[in-house]
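A.B. asks: Could you look at this predicted model? Sequence included:
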Amino acid sequence: METTTTRRAGLQRYTFDHKTLASAKSLPHLVFDWTRDNPSSWAGGTIDFDYQKGRIMMNGSWYSSFGVRTQEYEANRYKGFSCIDLLHGSQTIAKAGLWAGDRFGQDTKLIGQTHANLSQNFIGSDPIQSGALVSFANAA
């Protein structure tokens with residue numbers, strides 16, 4: 001994995017070793033975590049996966065990890081956006097979908113699902129963790 005940053009964006013490139021891929025028993029996978037952060041401050045957002053373009057678009061809002069929390073939707077929150085382009089070169093997507101889980105045993109993987117819209121549960125439970133999964137048919 002190679003990473004670099006610009007003033008307003010982060011760039012990542014994943015390279016899979018051909019020798020390792022040839023001997024692997026499964027396809028290479030990437031997991032994109034949309035909601036989880038250390039102080040569990042995620043407050044809601046949407047995720048869209050365009051399989052034809054190989055593009056994942058995520059957005060959400062998070063509480064500040066310091067200061068007082070309020071229940072007002074916009075107060076003390078910041079918004080984040082992410083656009084992930086997966087298909088540059090000769091890669092092809094073998095399988096993709098969205099996932100969700102929590103510490104109580106929810107473990108959902110929705111292959112082919114293209115959209116999710118989640119909001120925070122104010123009734124005291126932990127937030128659902130969610131994101132996108134993708135595996136490549138070839139990673140050259």
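C.D. replies: Structure's in. What do you need?

A.B. asks: What ranges does the protein have for its helices?
C.D. replies: Listed in chain order, the helices of the chain (DSSP state H) span 18-23.

A.B. asks: low-scoring pLDDT stretches of it, where are they?
C.D. replies: Applying pLDDT under 70 to the chain flags residues 38-40, 65-75, 120-127, 139-140.

A.B. asks: Please enumerate the strands of it.
C.D. replies: Counting by DSSP state E, the chain has strands at residues 2-5, 10-13, 29-33, 42-50, 55-63, 77-85, 92-101, 107-111, 115-119, 129-138.

A.B. asks: closest to L21 out of these?
C.D. replies: Across the strands of the chain, L21 has its closest neighbour in strand 129-138 (8.4 Å, CB to CB). All C-beta spots, glycine's among them, are computed from the backbone N, C-alpha and C.

A.B. asks: Next, the angle strand 55-63 makes with the closest one.
C.D. replies: 160 degrees (axes from the mean of the first three to the mean of the last three CA atoms, to 10 degrees).

A.B. asks: Strand 129-138: partners in the sheet, and parallel or antiparallel?
C.D. replies: strand 29-33 (antiparallel), strand 92-101 (antiparallel) (DSSP bridges).

A.B. asks: For the shortest one, which outside residues touch it?
C.D. replies: Pointing back at strand 29-33 there. By CB atoms under 8 Å, 6 or more residues apart in numbering, the residues outside strand 29-33 that reach it are 14, 56, 58, 84, 86, 99, 129, 131-135.

A.B. asks: Thanks a lot, see you next time.
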